[in-house]
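A.B. asks: How does the following fold in three dimensions:
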Amino acid sequence: PHDAPAGGQAAPQSIEDLLQREPQTPTGPQVRGFTQRLGLSDEPIDISALSNVDADLTFDALRTRYGAVVIDRAQGSLQLADRVAKLTFRELQAFEGRAYGFASIDGRVPVPSAGINIQIDGFSLLALARLAGMEAVAGSGRLGGRIAMAGQGISPRALADSLAGESVLTLRGGNVTYASAGTRHEVCALNSDITVSSLSGPLSAKGDFNWNGEKVAFNGTLSTLAQLADSRPVALKARIEGRPVNLSYDGTIAYASALAANGTLALKTPSIRRLASWVGTALPDGPGFGSLDVTGKLAWAEQRYALNEAKIALDGETATGDIAVDTRAARPSITTNLRLTGLDLNTYLADLGTTPAAGKKSATTAPQQPAKAPTPQVRGYTQRGGWSEEPYDLSALDALDLDARLAMGRLRYKDIKIGQTQLHAVLKGKVLKSTFQDIQLYQGSGKGVIGVDATVPTAPKFTADLNFSAVETLPLLKDAADLDWLSGKGDMTLA
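C.D. replies: Residues are numbered from 1 along each chain as shown. As a prediction, the model looks like this:
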């Protein structure tokens, strides 16, 4: 065994010590496809040269280059004896940091064994990013840890397949700057610990970072790194915890041409408004978009996303059902089938800058101007009723396609209260058709269709065909128009 490096740190273990804890033959999980991708050969390892020479060499080399890797100083020894080769680095200066340890191969048995035990201290994250070709990423921070692996195999690929041990990498004080959609982002104070036992074994990671002024902690476990590299599904458990949002996932992920996932997703935030601001989207002031709690089964593949058996709690109301989003086309498509306990539109109309007035007089309303014409004018009536002459902005109808089935326990708009409602809304090619299959309205019921056709933006078409029966007129007119001089039951048709 070689001497311990300066500073009192313990010397790395020998290959024999490492192999004592691992199977002596590669009988465990194989990562053949992954190592094949790395270009490792199936040809038997030729170690006959180890039996032809014994050697004990020391070296101290400055400024050594191997491909794109530059080693500022390499100090150590090479020992060859009795078909065993051991390369020891007492000091390896590279990537603005240092490393020490050994690599060894033992050819005394029919199936050669090999191992590596390297301690890393202070490698530059930026230098490693440049080596990996990540020129668009700027950063800082220091990487450290220990890589300890050993295995046996008759060929390079079989040897790599069997590698096992324990490796821990740590990152401290990382700062990464990157650009997305033309916007510059910075991840600050990144600290992480990554532990892996083998290419076919689990990989775990934990740590924290600061993004947009908020500290976020994360931890997760991947069942196998190599299987993911082979485009096969692997198990993933992950959590992200911070003041703006808590997010967890328990399921599988895979990566071929695109990322895919299938598992249970949970998201919780005390304020959608705060979360939106954190990610760079400002919502107008208003009472809505408060706390949100979402759970469901996520299915994600090739720009298609589905949340099945979803449970959603938003602003005191709950919804259950299924949501699917398909973003493969130029215009995204959303399909939903949800049951809502209730929906108060006033909460969100205020957020969109629309005053949810009840149609009643306000103390701050400006005095009405007398009509100039001696006869009733429709134009004057609509102006006094708050109707605008501004053209409708229906551009949102061109943003997506929609097929939504909603069952609502109650619905409120201004002071109008609607009971249980079954709604099927279809938006396709800027044409919206909303079919009300059942509406409970002030002790009565109704059904009908409302349509909006925005295919000609300058001349949109609005249609309605609604029929109600046995409606209590007094509470309806009181809530809708502040009229209290008409009572009774009535049938209504709007077409």
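A.B. asks: Give me the pLDDT value at the residue lying closest to Ile47 once chain neighbours are set aside.
C.D. replies: Of all residues not flanking Ile47 in the chain, Gly107 sits nearest, at 3.9 Å (CB to CB, 6 or more residues apart in numbering). Heads up, the C-betas are built off the backbone N, CA and C, glycines and all. Predicted confidence (pLDDT) for Gly107: 86.
A.B. asks: what about Gly107, how many residues close to it?
C.D. replies: A count of nearby residues for Gly107, using other CB atoms under 10 Å, gives 20.
A.B. asks: That one and Asp82 touch, don't they?
C.D. replies: No: if you go by CB atoms under 8 Å, Gly107 and Asp82 don't touch, sitting 9.1 Å apart.
A.B. asks: all strands of the stretch 101-250 of the chain, in order?
C.D. replies: In the stretch 101-250 of the chain, the strands defined using DSSP state E, counting those that start in this stretch lie at 113-124, 138-152, 164-180, 183-198, 203-211, 214-222, 234-242, 246-255.
A.B. asks: mind checking which of those strands is nearest Phe436?
C.D. replies: strand 246-255 (36.1 Å; CB to CB).
A.B. asks: For Pro270, see how far away the most centrally placed residue in the chain is.
C.D. replies: Closest to where the C-alpha atoms of the chain average out (CA atoms, centre = their mean) is Leu247, at 8.9 Å. According to CB to CB, to the nearest Å, Leu247 and Pro270 sit 13 Å apart.
A.B. asks: One more: Ala301?
C.D. replies: From Ala301 over to Pro270 (counting by CB to CB), the distance is 31 Å.
A.B. asks: Likewise for Ala229?
C.D. replies: Ala229 is 38 Å from Pro270, by CB to CB.
A.B. asks: list the contacts for Asp403?
C.D. replies: Residues in contact with Asp403 (CB atoms under 8 Å, 6 or more residues apart in numbering) are Ser333, Ile334, Thr335, Thr336, Ala425, Val426, Leu427.
A.B. asks: now these in a markdown table, with secondary structure, neighbour count and pLDDT?
C.D. replies: Below are those laid out as a markdown table (DSSP: H, G, I helix; E, B strand; the rest coil; neighbours: other CB atoms under 10 Å; pLDDT from 0 to 100):
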| residue | secondary structure | neighbour count | pLDDT |
| --- | --- | --- | --- |
| Ser333 | strand | 17 | 94 |
| Ile334 | strand | 16 | 94 |
| Thr335 | strand | 15 | 96 |
| Thr336 | strand | 18 | 96 |
| Ala425 | strand | 16 | 94 |
| Val426 | strand | 15 | 95 |
| Leu427 | strand | 23 | 94 |
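A.B. asks: what's the most distant pair in those residues?
C.D. replies: Longest span within those, CB to CB: Ser333 and Ala425, 13.3 Å.
A.B. asks: Give me the common contacts of the two.
C.D. replies: Leu402, Asp403.
A.B. asks: Neighbours of Met149, how many?
C.D. replies: For Met149, using other CB under 10 Å, the count is 23.
A.B. asks: Show me what it is bridged to.
C.D. replies: Ile116, Gly165 (DSSP bridges).
A.B. asks: Contacts made by the host helix or strand of Ile450 with the rest, please.
C.D. replies: Here Ile450, judged by DSSP states H and E, is contained in strand 444-453. The contact list for strand 444-453 (CB under 8 Å, 6+ apart) reads 394, 397, 430-439, 460-472, 489, 492, 494.
A.B. asks: where does the stretch 151-300 of the chain dip in pLDDT?
C.D. replies: Low-confidence segments of the stretch 151-300 of the chain (pLDDT under 70): 180-181.
A.B. asks: meant to ask about the stretch 1-150 of the chain
C.D. replies: 1-40, 134-139.
A.B. asks: Could you pull out the helices in it for me?
C.D. replies: Ranges of helices in the stretch 1-150 of the chain, per DSSP state H, counting those that start in this stretch, are 15-20, 32-37, 125-131.
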